[in-house]
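Q: okay, sequence plus prediction incoming.
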Amino acid sequence: MIVSIRIDDRLIHGQVALVWSKELNTTRIVVANDEAARNDVMKMTLKMATPAGIKLLIKPLQESIDVFNNPRSQDLKLFVLTNCIQDTLEIVKNCPDVESVNVANVGRFDESDPALKTQLNPCIILNPQELEALKELAKCQLPVYAQVVPTNPKTPIQNLLDGMKG
């Protein structure tokens with residue numbers, strides 16, 4: 001079961017590895033990301049950022065979905081990391097056992113035209129494709145919120161979308 005999907009540009013870093021894995025009471029992290037799965041340097045960096053006692057799996061998106069839907073995964077508490085909303089939406093559409101989605105840090109490294117981007121808060125900056133994916137994700141029947149660290153309040157994504165100008 002996926003206890004949480006966190007969308008974070010950096011995938012694994014101190015906040016994720018140390019704070020969120022404890023908050024979610026999980027010892028298993030899955031990075032569902034095509035680039036990370038094929039880039040040996042990135043894989044090594046992610047493994048180094050993972051604390052002792054946490055099992056890490058780095059798979060391309062489609063292989064990750066296969067893992068999540070494998071009956072052997074149903075009894076595991078999986079913390080899933082993606083770095084874009086479109087990948088998260090694909091997981092949610094194809095995996096019935098997702099408890100929540102945390103849109104934490106996204107869009108800061110996106111190199112598309114800044115004039116076309118929408119900033120929902122200081123940590124969520126979306127190009128048009130990601131914005132449309134977020135609108136679709138917000139319609140799913142599960143909690144979708146923004147929360148950088150556990151001590152921050154959970155802000156429903158729909159509230160941020162409703163507050164957009166224009």
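A: Sure thing, it's come through.

Q: tell me which stretches of this structure form helices.
A: Listed from the start of the chain, the chain has helices (DSSP state H) covering 14, 21-23, 34-38, 40-49, 61-69, 85-94, 128-138, 157-162.

Q: tabulate those (TSV), appending distance to P122.
A: Every residue, glycine included, has its C-beta placed from N, CA and C. Converted to TSV, these look like this (distance: least, C-beta to C-beta, whole Å):
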stretch	distance to P122
helix 14	19
helix 21-23	21
helix 34-38	25
helix 40-49	23
helix 61-69	27
helix 85-94	17
helix 128-138	16
helix 157-162	11
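
Q: which residues are contacting stretch 99-117?
A: Defining contact as C-beta atoms under 8 Å, 6 or more residues apart in numbering, one finds that stretch 99-117 is touched by 1-10, 83-85, 88, 92, 123-128, 130, 134, 137, 140, 142-148, 157.

Q: check stretch 47-54 too.
A: I12, H13, G14, A17, L18, S21, T27, R28, I29, L56, I58.

Q: hmm, try it at 6 Å
A: I12, A17, S21, T27, I29, L56 (C-beta atoms under 6 Å, 6 or more residues apart in numbering).

Q: low-confidence regions, the protein specifically.
A: Low-confidence segments of the chain (pLDDT under 70): 165-166.
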